[in-house]
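J.: Need the 3D shape of this:
(one chain, ligands or ions: 1)
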Amino acid sequence: MPYYVEINKLAGNEDIELPRKMSELASGFDLYAAVTEDVVLEPGKRCLIPTGLALAMPAGLEAQIRPRSGLAYKHGITCLNTPGTIDADYRGEIKVLLINLGDDPFTIVRNERIAQMVFQEVPQVELKQVEVLSETVRGSGGFGHTGRK
Ligand SMILES: O=c1ccn([C@H]2C[C@H](O)[C@@H](COP(=O)(O)OP(=O)(O)OP(=O)(O)O)O2)c(=O)[nH]1
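T.: Reported below is the predicted structural model:
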């Protein structure tokens, strides 16, 4: 059984494509830019791109906003906060925080695919404060304590 996620096109965005899987088994639904005029993203700069969409997903799901590999590889365009978290109770416009890590300005035009959205189940977790944690072999070793090879 699929999860049913409600999607709403915000006023003035009737022409914006709905998020779309570009192949049958793709993980992500591509998201389209709902900019009202072209946005030129200069190298090293960031911008918040509207999608013109809002969602209502069932409790226990989240949506993650992730970069598109092609834009990252060819132009250095990625999501600054990847993966961006869309909470199940968020009803506002979904926005995509892009940054240009490339060498050249990049122009974002309306209805261009700028990122992808992957839905994930989120386990329900309750934190329980304790005085002593259960032991493991690793213990507190981390941050590369096993070396490089
Ligand atoms: O890439 C993103 C990340 C977040 N959001 C929206 C949906 C999310 O549910 C909300 C809050 O995001 P987050 O919890 O990451 O941000 P925050 O800085 O902690 O904001 P808040 O104090 O509003 O929770 O902002 C987006 O539209 N795009």
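
J.: Give me the contact list for the strand ranked longest in the chain.
T.: When the chain is parsed with DSSP state E, its longest strand is strand 113-121. Under the contact criterion CB atoms under 8 Å, 6 or more residues apart in numbering, strand 113-121 has outside partners 3, 5, 19, 27-33, 49, 57, 60-68, 71, 77, 79, 83, 86, 94, 96, 98, 108. Glycine gets a C-beta too; all of them are placed from N, C-alpha and C.

J.: Near the ligand, list only the ones from the residues you listed.
T.: Restricting these to those touching the ligand (CB under 6 Å from any ligand atom) yields 65, 86, 94.

J.: Just confirm the second one contacts residue 56, I think it does.
T.: No - taking CB atoms under 8 Å as the definition, residue 86 is not a contact partner of residue 56, at 10.8 Å.

J.: what does this structure put close to the ligand?
T.: Looking at the ligand, the residues of the chain close enough under CB under 6 Å from any ligand atom are 65, 81, 84-87, 90, 94-95, 97.

J.: Report the buried members of those residues.
T.: Using 16 or more other CB atoms under 10 Å as the burial test, those include 65, 84, 86, 94-95, 97 as buried.
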